[in-house]
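pasting the sequence and the predicted coordinates here, then a few questions.
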Amino acid sequence: MIEFCNEAGQVALAYKVYRCWVSEYQALPALDADAGAAAFQSITLQNEGWERDTSIPEPQEPKST
């Protein structure tokens, strides 16, 4: 399952991914405290099929009290 969450941490979308594996991985680069660069970590996924999980309802907006 791959889940996408909104800013409130609620699951907004979900996908079922079948026979999935990592085909490429990039680890964090060397970090330098004096540099203003951002660190990114990434993976590339391969799969043999996917479908949207329609049982996930649209999240309600959080209410402030």
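Cool, got the structure.

for the nearest residue to residue 46 once chain neighbours are set aside, which residues are in contact?
Closest residue to residue 46 apart from its sequence neighbours, by C-beta to C-beta, 6 or more residues apart in numbering: residue 23 at 4.6 Å. For every residue, glycine as well, the C-beta is placed using N, CA and C. Going by C-beta atoms under 8 Å, 6 or more residues apart in numbering, residue 23 touches 44, 45, 46.

gap between the first one and residue 36?
Counting by C-beta to C-beta, to the nearest Å, the gap from residue 44 to residue 36 is 27 Å.

ok, these two, which is more surrounded?
Between residue 44 and residue 36, residue 44 has the larger neighbour count (other C-beta atoms under 10 Å), namely 10 against 5.

need phi/psi at the more buried one.
Note on residue 44: backbone dihedrals following degrees, to the nearest 10 are phi -110, psi 130.

OK, contacts around it?
Residue 44 touches 22, 23, 24, 25, counting by C-beta under 8 Å, 6+ apart.

which phi and psi does residue 46 have?
Taking degrees, to the nearest 10 as the convention, residue 46 sits at phi -110, psi 150.

low-confidence ranges, the chain, go.
62, 64-65 (pLDDT under 70).

count the neighbours of residue 47 for me.
Using other C-beta under 10 Å, residue 47 has 13 neighbouring residues.

the closest residue to it other than its chain neighbours: what's it in contact with?
Distances taken as C-beta to C-beta, 6+ apart place residue 20 nearest to residue 47, at 4.3 Å, with adjacent residues excluded. Listed by C-beta under 8 Å, 6+ apart, the contact set of residue 20 reads 45, 46, 47, 48.

ok, the first one touching residue 15?
Looking back up the chat, that one is residue 45. No: Residue 45 is beyond contact range of residue 15, at 11.0 Å (criterion: C-beta atoms under 8 Å).
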